[in-house]
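K.L.:
Fold the following.
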Amino acid sequence: MDAALEIDFVKSYRHRTGETVPDQFHTCYELVYYYKGSGTTTIGTETYTLLPNSFSLMRPKVVHSELHTDPSEVVFIGFHGSFREPETDLFFQDTPEHSIGSALRAIYEEHIFNQRDASKAMLLHLHLILLYISRLTCKDSQPQTGSQMQFAANYISQYCTSPINWQELAASYHYSYDYFRHLFKEEIGISPSQYLIRSRLNLAKKLLEEGKLNCTEIAYQCGFSSSAHLSAQFQRAFGQSPQKYRLNIKSTHTSNANDFTSSQ
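P.N.:
Purely as a prediction, here's the structure:
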């Protein structure tokens with residue numbers, strides 16, 4: 001254990017609905033864990049959505065603030081010393097086992113009850129937390145990141161005709177939606193919501209080519225709210241309306257058929 005790693009403060013707080021935490025910063029690292037509630041937190045220039053079992057790790061002197069839209073239970077800890085420092089401030093969803101939340105709760109209880117060797121126990125749990133965070137953030141420890149995002153893309157394609165809960169999808173990969181969206185766009189090239197629209201449009205093209213359904217039926221089958229919604233998205237993506245696309249497909253098929261007949 002690195003003896004230079006020290007804890008500066010440990011606190012717990014319950015926020016009321018609508019309560020805000022104004023801009024502030026610390027001269028040490030700060031880990032904030034949200035056990036309950038919802039809202040937003042702004043760290044530097046980035047704003048993230050707060051969910052139960054999400055947490056942030058902020059570097060020294062980074063300005064941050066919070067807005068709580070539901071009653072929230074928060075534990076936060078300040079510390080300094082030598083460890084594998086992240087390149088940026090972090091915001092994540094905890095693991096399914098709530099490894100980080102459990103370790104932080106243990107630190108808080110050691111702090112409150114102050115039993116024998118409490119400070120040593122607190123540092124042990126802090127090192128565990130930093131290990132868990134390192135596994136979440138270090139690319140060398142996560143060779144599967146690209147595969148995870150491809151799996152997510154496959155899932156979106158498979159279920160593109162139904163509404164997708166982005167928060168739940170991100171949590172299934174142990175990320176906050178903001179970080180999930182960042183990884184997805186970095187790997188796939190577009191955001192998850194854009195990928196969903198693309199998947200729906202590709203399905204619409206196939207159904208238009210088959211020619212069995214009208215545009216309104218295709219719109220609803222592909223997850224669009226109306227034929228007008230489908231038409232607007234289709235025009236934006238492909239530069240033509242669904243009706244014109246269908247006519248062009250029919251014209252191409254007729255031309256190919258005539259060419260085949262003339263060659264006989």
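
K.L.:
use CA for all of it now, contacts and neighbours both
P.N.:
Fine.

K.L.:
so where's the chain shaky on pLDDT?
P.N.:
Along the chain, the model assigns pLDDT under 70 to residues 1-3, 137-147, 252-264.

K.L.:
got the residue ranges for the helices in it?
P.N.:
Under the criterion DSSP state H, the chain carries helices at the ranges 99-113, 118-137, 145-158, 166-172, 177-188, 192-210, 215-221, 227-238, 242-262.

K.L.:
So for V75, which of those helices sits nearest?
P.N.:
In this view, those are compared for proximity to V75 by CA to CA, and helix 99-113 is the closest at 7.6 Å.

K.L.:
Show me what that closest one is packed against.
P.N.:
In this structure, helix 99-113 packs against strand 6-15, strand 72-80, helix 118-137, with contacts taken as 3 or more CA pairs under 8 Å, 6 or more residues apart in numbering; DSSP states H and E.

K.L.:
what comes into contact with the last one?
P.N.:
The set of residues external to helix 118-137 that reach it, using CA atoms under 8 Å, 6 or more residues apart in numbering, is 1, 5-7, 84, 86, 99-100, 103-104, 106-107, 110-111, 141-142.

K.L.:
try 10 Å this time
P.N.:
Residues external to helix 118-137 that are found in contact with it (CA atoms under 10 Å, 6 or more residues apart in numbering): 1-3, 5-7, 31, 57, 77, 79, 83-87, 90, 92-95, 99-112, 115, 140-142, 174-175.

K.L.:
who's in contact with T42?
P.N.:
Listed by CA under 10 Å, 6+ apart, the contact set of T42 reads 23, 48-49, 63-67.

K.L.:
ok, it to S65 distance?
P.N.:
Distance of T42 to S65, computed by CA to CA, to the nearest Å: 5 Å.

K.L.:
Equivalent analysis for R135, please.
P.N.:
26 Å.

K.L.:
again, but for A171
P.N.:
Going from A171 to S65 by CA to CA gives 23 Å.

K.L.:
Which one of those two is surrounded by more residues?
P.N.:
It is A171, of A171 and S65, that has more neighbours when counted by other CA atoms under 10 Å, with 20 against 16.

K.L.:
Tell me what the residue lying closest to the more buried one once chain neighbours are set aside is bridged to.
P.N.:
In space, A171 comes closest to Q93 once its chain neighbours are excluded; the distance is 6.5 Å by CA to CA, 6 or more residues apart in numbering. The bridge-partner assignment for Q93, based on DSSP bridges, gives S54.

K.L.:
who touches Q93 in this structure?
P.N.:
Q93 makes contact with 33-34, 50-56, 100, 136, 170-180, according to CA under 10 Å, 6+ apart.

K.L.:
Just the buried ones from these?
P.N.:
Among those, those classed as buried by 16 or more other CA atoms under 10 Å are 33-34, 50-56, 100, 136, 170-171, 173-180.

K.L.:
For F151, grab the count of nearby residues.
P.N.:
Here the number of neighbours of F151 (other CA under 10 Å) works out to 12.

K.L.:
what residues are up against A103?
P.N.:
The neighbours of A103, taking CA under 10 Å, 6+ apart as the test, are 109, 122, 124-129, 132.

K.L.:
Could you do Y155 as well?
P.N.:
In this structure, Y155 makes contact with 149, 164, 169, 196, judged by CA under 10 Å, 6+ apart.

K.L.:
follow-up on the earlier one: can you tell me which of the contacts of helix 118-137 are buried?
P.N.:
Neighbour-count burial (16+ other CA under 10 Å) applied to the contacts of helix 118-137 gives 6-7, 31, 57, 77, 79, 90, 92-95, 99-101, 103-108, 110-111, 174-175.

K.L.:
State the distance from Y34 to S157.
P.N.:
Y34 sits 32 Å away from S157, going by CA to CA.

K.L.:
end-to-end on stretch 160-178?
P.N.:
The separation between the terminal residues of stretch 160-178, taken as CA to CA, is 20 Å.

K.L.:
just how off-centre is it within its chain?
P.N.:
Offset of stretch 160-178 from its chain centre (CA atoms, centre = their mean, to the nearest Å): 7 Å.

K.L.:
Same question for stretch 163-182.
P.N.:
Averaging C-alpha positions (CA atoms, centre = their mean) puts stretch 163-182 4 Å from its chain's average.
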